[in-house]
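>>> Quick one, fold the following:
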Amino acid sequence: MLKTTIDLAAIAHNVRLIKEKIGPDVKLMCVVKADAYGHGVEKVVPVMLEAGADSIGVATLTEAVQLRRIGVDSPIAAWIWQTDQVLEEALACGIQIAVNSPAQAHKLVEAEIPAEVYIKVETGMHRSGVDKAEWDEVFALLRDAAHISVLGLMSHFACADDPDNAHNDAQEEEFRRALNAARAAGLECPVNHLANSPATLSRPSAHFDQVRVGVACYGLEPIMGRDHGLRPAMTWSGNVFGLKPIDKGEATSYGRTWSADKPGFLATVDCGYADGLPRAFQGHLQVGIGGRLYPQVGRVCMDQIVVDLGDNPNGIAPGDEVTIFGQGGMSATELADAVGTINYEVVCRPTGRTEREYIGDADAQ
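Numbering: from 1, shown residues only. Next up, the predicted model:
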């Protein structure tokens, strides 16, 4: 069976560790967009809240409303939205909404529905957020709307995973300028947040009133080469379903892109690109079987991959569990480094026929 195994005790550990890192005066928003980075919001969110999260963050209004529908009653913030029908439902169920532009500010004013908002200000990411030339307009517009409560400002670092990058200083300074301007315009802004996972763990000056932590909650190190004591929560595994001998010079899989340099055995594993394992991972992935690593060889197929067992000295057989990444194999970070991406993307990959199971006592210290 192809499955992801999610260790809830690891997630609880990570949230507690982050809470200890930021101290009692800073709030923690745990980000659970994209179904909790592939870990499953229904199980993960209660664990995060029990471990000390003060609020929950998602990308879209649809994600936020779905959390309310499954019974999450904590503060929930969302920062990607357009003028669609979900807005009214989101406001009705108390979702905190980010304002990214004057157009969005006008939309909320015109809606005449009570709303708690964060103003997302542009500080140097140049992706979304109210531009500096528009700050005064948006600050005044929301200040004067009696049905709108401005909780504070938010923005996002572009280079926090590179702690020595000078752009981090520039963005933090710009955020402080925006905050001064907002308060000068008459907004109290009691809860402001700029720090993502890497900034939370490496840049205390950017903590402000709240930090917004995503990938670190799932135990993935956000800064290359650092070890903050996080515990990875996800393992992706399948099974050997076939064993086949191969002679020197014979090739395997589509296009015959790999051939054996000596006689040996190949194992087929029940995972392919339809399940979220890209063809581009060919030649970079080493799977774990029985505590040892074996190279994936040949093209990644829709439903299966092929693994080179050499002469199979360890007696691997059909039915044996295979770790694609996680406990017993390459870590998500190691796999990301091997294929030239980031661990965020790797844990969001398992899809298709992958089932999910949960282990671990979330109350364990």
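>>> which other helices and strands contact the lowest-mean-pLDDT helix or strand in the chain?
For the chain, counting by mean pLDDT, DSSP states H and E, helix 86-92 ranks last in confidence among helices and strands (a mean of 93). For helix 86-92, the elements it packs on are helix 61-69, strand 96-99, helix 102-111, judged by 3 or more C-beta pairs under 8 Å, 6 or more residues apart in numbering; DSSP states H and E. Every residue, glycine included, has its C-beta placed from N, CA and C.
>>> Using CSV, write out the CA atom coordinates for that helix.
C-alpha atoms of helix 86-92 as CSV (Å, rounded to 0.1, in the frame of the first residue of the first chain):
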residue,chain,number,x,y,z
VAL,A,86,-16.7,32.8,-0.7
LEU,A,87,-15.9,36.2,0.8
GLU,A,88,-19.3,36.7,2.3
GLU,A,89,-19.3,33.2,4.0
ALA,A,90,-15.7,33.8,5.2
LEU,A,91,-16.6,37.0,6.8
ALA,A,92,-19.8,35.5,8.3
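>>> Show me what that helix is in contact with.
Leu61, Thr62, Ala64, Val65, Ala78, Trp81, Ile97, Lys107, Ala111, Ile113, Pro114, Ala115 (C-beta atoms under 8 Å, 6 or more residues apart in numbering).
>>> again, but for stretch 195-212
In contact with stretch 195-212 (C-beta under 8 Å, 6+ apart) are residues 18, 21-22, 26-29, 31, 54-55, 57, 152, 154, 156-157, 160-161, 163, 168, 172, 175, 190-194, 213-217, 222-223, 226, 228.
>>> now, which of those lie within strands?
Judged by DSSP state E, these include Lys27, Leu28, Met29, Val31, Ser55, Gly57, Gly152, Met154, Val213 as members of strands.
>>> Tell me the buried residues within the residues you listed.
Among the ones in strands among the contacts of stretch 195-212, those classed as buried by 16 or more other C-beta atoms under 10 Å are Lys27, Leu28, Met29, Val31, Ser55, Gly57, Gly152, Met154, Val213.
>>> Skipping its backbone neighbours, what lies nearest the fourth one in space?
I take that to be Val31. Spatial nearest neighbour of Val31, chain neighbours left out: Gly214 (3.6 Å); criterion: C-beta to C-beta, 6 or more residues apart in numbering.
>>> buried ones in the least confident helix or strand of the chain?
Those would be Val86, Leu87, Glu89, Ala90, Leu91, for helix 86-92 by 16+ other C-beta under 10 Å.
>>> How far away from the center of its chain is that helix?
25 Å (C-alpha atoms, centre = their mean, to the nearest Å).
>>> Can you pull the poorly scored residue ranges out of the stretch 251-365 of the chain?
362, 364-365 (pLDDT under 70).
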